[in-house]
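Undergrad: sharing a sequence plus its predicted fold:
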Amino acid sequence: MLLVTCAYGKVGRQIVPYLAKKGFDIRAIDMNPDIKKFEQQGVKETLVGDSRDPKFLAEAMKGVDRVLYIPPQFTYQEAKMGRMAIDAAIDAKVSKYVYLSCMYPNMSTLLQHRMKAKDEQYLLYRGFESGLDWSVIRPSTYHQNIFMKMFYDMGEYPSMCDIDKLVSWVDPLDVADCAIKLLTEDGYKYAIYTASNESMTPRDVATVMSKVSGKEITPISVPEDKLVEYWPDYFAGSDSFATETFYALRKTYNKWGWAGNNKQLIELLDHKPRSVANWCARQLVANGIKPTCTVAETEKSADSSEWL
């Protein structure tokens with residue numbers, strides 16, 4: 001059985017149903033009771049609980065032979081939760097442990113990256129000590145941060161950073177395909193892979209959205225004093241760490257961008273990486289909007305250059 005943590009977060013909601021369709025027996029865990037909806041999408045078992053509770057983690061690990069660890073988002077307890085999960089997996093004697101980290105965890109101006117760097121280091125030492133078969137995937141920015149239907153309706157693509165800074169993108173299903181390989185095939189013990197496909201500016205992304213949808217979508221750089229209007233979830237009800245992390249993210253992207261390289265992703269996948277154009281077309285179709293091309297047409301290329 002495969003255990004997936006934080007399974008009903010933004011990343012998990014994309015990846016878990018896809019893994020279930022691929023035939024995995026999945027135990028999905030999350031604090032959100034809506035995770036029970038996964039049982040209607042082929043997920044074998046769901047558990048609602050707090051991964052900061054050692055007893056809950058130990059129960060979740062029972063009978064599990066593989067773990068896909070998705071970390072929580074923007075919480076000061078992330079590193080602690082990561083260490084607890086690693087220890088619980090080792091105690092349960094799981095056979096494979098795949099940790100979803102982030103591209104450039106050593107980029108210390110990004111607060112959430114510091115947490116993942118700590119967990120990667122802990123995984124390395126505890127893994128060597130215990131003999132755990134671990135591997136790490138370091139995704140860049142996920143496509144699901146392109147809210148295609150919302151931006152289509154708005155006619156705008158709001159960016160928290162300079163619209164001419166390069167940011168690297170990756171499709172969550174490509175990350176899932178990478179995880180499948182690391183979880184099911186031999187030869188990836190202690191492997192660390194960057195999962196990054198296209199590096200594009202927000203201006204480029206808006207151009208792709210416009211051409212795929214047939215509707216003009218204007219990129220805008222949201223000023224700092226307007227961030228709460230566009231991303232209220234990071235301010236309303238979030239702890240101070242989440243807010244501080246969001247501001248640090250904006251400051252870092254504005255100064256340096258977040259460009260990556262796609263060679264390792266291509267090496268892991270058995271197909272061309274899914275492009276931003278492909279994501280946009282898929283989301284339009286899923287929301288009953290006809291794109292200017294078919295989804296299949298966007299699958300012919302691993303990048304969106306023909307749409308720029």
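TA: It's in. Residues are numbered from 1 along each chain as shown.

Undergrad: from now on I want contacts and neighbour counts done on CA atoms only, so please keep to that.
TA: OK.

Undergrad: what about residue 292, how many residues close to it?
TA: With neighbours defined by other Cα atoms under 10 Å, the count for residue 292 comes to 13.

Undergrad: skipping its backbone neighbours, what lies nearest it in space?
TA: In this structure, residue 292 finds its nearest non-sequential neighbour in residue 212, 5.3 Å apart by Cα to Cα, 6 or more residues apart in numbering.

Undergrad: and whichever helix or strand residue 18 is part of, how far out from the chain's middle?
TA: In this structure, residue 18 is located in helix 10-21 according to DSSP states H and E. Its chain's C-alpha centre and that of helix 10-21 lie 10 Å apart, by Cα atoms, centre = their mean, to the nearest Å.

Undergrad: wait, isn't residue 2 in contact with residue 20?
TA: No - with contacts counted by Cα atoms under 8 Å, residue 2 stays clear of residue 20, the gap being 10.0 Å.

Undergrad: tell me the helix or strand right after the helix or strand containing residue 82.
TA: Here residue 82 sits within helix 78-91, counting by DSSP H and E. Under the assignment DSSP H and E, the closest C-terminal helix or strand after helix 78-91 is strand 96-100.

Undergrad: give me the helices and strands touching that next one, please.
TA: In this structure, strand 96-100 makes packing contacts with strand 66-69, strand 134-139, helix 172-184, judged by 3 or more Cα pairs under 8 Å, 6 or more residues apart in numbering; DSSP states H and E.

Undergrad: can you name the helix or strand that the residue located most distally from the centre of the chain falls in?
TA: Computed with Cα atoms, centre = their mean, the residue of the chain farthest from its C-alpha average is residue 129, at 28.4 Å. Residue 129 belongs to helix 111-130 when elements are defined using DSSP H and E.

Undergrad: hey, which helix or strand in the chain has the poorest pLDDT?
TA: helix 227-230 (a mean of 87; mean pLDDT, DSSP states H and E).

Undergrad: list the buried residues in that helix.
TA: By 16 or more other Cα atoms under 10 Å, the buried positions in helix 227-230 come out as residue 227.

Undergrad: with stretch 180-191 instead?
TA: Buried-residue list, stretch 180-191, by 16+ other Cα under 10 Å: 180, 182, 183, 188, 189, 190.

Undergrad: name the nearest of these relative to residue 56.
TA: Closest approach to residue 56 among the buried residues of stretch 180-191 (Cα to Cα): residue 183, at 23.2 Å.

Undergrad: what about the closest one, distance to residue 148?
TA: Distance of residue 183 to residue 148, computed by Cα to Cα, to the nearest Å: 31 Å.

Undergrad: before we move on, what about residue 126?
TA: In terms of Cα to Cα, residue 126 sits 41 Å off from residue 148.

Undergrad: again, but for residue 45
TA: 31 Å.

Undergrad: more neighbours, the two?
TA: Neighbours per residue (other Cα under 10 Å) separate residue 45 from residue 148, with residue 148 holding more: 21 against 16.

Undergrad: so the more buried one sits right up against residue 283, yeah?
TA: Yes - counting by Cα under 8 Å, residue 283 is a contact partner of residue 148 at 6.2 Å.

Undergrad: quick check: buried residues in stretch 135-147?
TA: Judged by neighbour count (16+ other Cα under 10 Å), stretch 135-147 contains these buried residues: 135, 136, 137, 138, 139, 140, 141, 142, 143, 144, 146.

Undergrad: from residue 295, how far out is the nearest residue to residue 146 once chain neighbours are set aside?
TA: Nearest non-adjacent residue to residue 146, counting by Cα to Cα, 6+ apart: residue 280, 7.9 Å away. Plainly put, residue 280 is 9 Å away from residue 295 if you go by Cα to Cα.

Undergrad: quick one: which of the two has more around it?
TA: Remark: of residue 280 and residue 295, residue 280 carries more neighbours, 28 against 19, as counted by other Cα under 10 Å.

Undergrad: that one sits in which helix or strand?
TA: Short version, using DSSP H and E: residue 280 is in helix 276-286.

Undergrad: after that helix comes which helix or strand?
TA: helix 295-298.

Undergrad: by contact count, what packs against that following helix?
TA: Using 3+ Cα pairs under 8 Å, 6+ apart, helix 295-298 is in contact with helix 276-286.

Undergrad: quick one: list the elements packing against the helix it packs on.
TA: Against helix 276-286 (3+ Cα pairs under 8 Å, 6+ apart) you get helix 148-154, helix 202-213, helix 295-298.
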